[in-house]
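In: Next input, structure requested:
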Amino acid sequence: DLFGDPIALLTRAGIAVTPELMGEIDHRAQTVALAIRAPRPAHVGELVQQVRVAAGRVEIDVVTGAVAMLLGADLADGAPAAVTIATDVRLTRTGRVVRLVHRDGRAAATSSGSDHSALKLLVTARRWWTILREGEIRIKELATREGISASWMTRVVRLAFLSPEMVDAVLADALPAHVDALALVSGEVNPGCWKAQRERYLAGGHRPG
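Out: Okay, the predicted model is just below:
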């Protein structure tokens, strides 16, 4: 969630703002957030300095230097060594299982019981697009390096351009039942229009036959 509001994050972490960074910050922050929320989370070890658990509250100190590095930015003079994020929580028992629940009733994120195939593809799409957009390697060469076909890579990379609403739905495991990873990469090209994406995937406008 810390990377969900990148502008506020820049201020909190004391990151030096440049015109180049402002043009890229949304993409970079969302890419990091996706990697953290993946079934096999990345970057957690380098980001987390300390976790404090108290009655009804969890606090996490996040290393600002690691935040800057992941965003491809520099810390400004006088930047804090860490920023603290906190949430009010409670433990609740369901049968033999103890769950961590946010104050608003949302269960804390868990990877058990969910199909993360769409999330995995989204993380992969962002990674491949980050490499391709640098312009130093073509999609056919990258596909060969990754051991897949160029046509499959092309389909997957399109997911890097899903709308923020679609990305939120993938992260929250809230896609409609008929929209799975295969539905996102097969058939017609993902529409470039965010409104069309919503109508096709979130509003029940398209269902496989």
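
In: longest single helix anywhere in this protein?
Out: If you go by DSSP state H, the chain has its longest helix at helix 19-37.

In: C-terminal to it, what's the next element?
Out: helix 44-47 (DSSP states H and E).

In: Check what contacts that following helix and list those residues.
Out: By C-beta atoms under 8 Å, 6 or more residues apart in numbering, the list of residues contacting helix 44-47 from outside reads 36, 62-63, 66-67, 69-70. Where you see a C-beta, it was placed from the backbone N, CA and C, and this is true even at glycine.

In: mean confidence score for that helix?
Out: The pLDDT scores in helix 44-47 average 93.

In: again, but for stretch 65-78
Out: 93.

In: how about that stretch: buried residues?
Out: The neighbour-count check on stretch 65-78 (16 or more other C-beta atoms under 10 Å) flags 65-68, 70-71, 73, 75 as buried.

In: Tell me the span between the first and last residue of it.
Out: 12 Å (C-alpha to C-alpha, to the nearest Å).

In: Count the residues that sit near Leu2.
Out: Using other C-beta atoms under 10 Å, Leu2 has 19 other residues around it.

In: Let me know the distance separating it from Arg12.
Out: Separation of Leu2 from Arg12 (C-beta to C-beta, to the nearest Å): 8 Å.

In: shared neighbours of these two, anything?
Out: Applying C-beta under 8 Å, 6+ apart, one finds that Leu2 and Arg12 are jointly contacted by Val83.

In: What strands flank the longest strand anywhere in the chain, and is each parallel or antiparallel?
Out: Counting by DSSP state E, the longest strand found in the chain is strand 82-94. Strand pairing for strand 82-94, determined by DSSP bridges: strand 57-63 (antiparallel), strand 97-102 (antiparallel).

In: Dump it to PDB, restricted to CA.
Out: The C-alpha coordinates for strand 82-94 follow below in PDB (Å, rounded to 0.1, in the frame of the first residue of the first chain):
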ATOM      1  CA  ALA A  82      13.300   5.100   7.400                       C
ATOM      2  CA  VAL A  83       9.600   5.800   7.200                       C
ATOM      3  CA  THR A  84       7.000   4.000   9.400                       C
ATOM      4  CA  ILE A  85       3.700   2.600   8.100                       C
ATOM      5  CA  ALA A  86       1.100   1.300  10.500                       C
ATOM      6  CA  THR A  87      -2.300  -0.400  10.500                       C
ATOM      7  CA  ASP A  88      -4.800  -1.300  13.200                       C
ATOM      8  CA  VAL A  89      -5.500  -5.000  13.200                       C
ATOM      9  CA  ARG A  90      -7.000  -7.700  15.300                       C
ATOM     10  CA  LEU A  91      -6.700 -11.500  15.500                       C
ATOM     11  CA  THR A  92      -9.800 -13.500  14.800                       C
ATOM     12  CA  ARG A  93     -10.300 -17.300  15.000                       C
ATOM     13  CA  THR A  94     -12.100 -19.200  12.300                       C
END
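
In: Return the helix or strand in the chain with minimum mean pLDDT.
Out: Least confident helix or strand, the chain: strand 97-102 with a mean of 64, by mean pLDDT, DSSP states H and E.

In: what's the offset of whichever helix or strand comes after it from the middle of its chain?
Out: Under the assignment DSSP H and E, the closest C-terminal helix or strand after strand 97-102 is helix 117-132. Helix 117-132 sits 10 Å away from the centroid of its parent chain (C-alpha atoms, centre = their mean, to the nearest Å).
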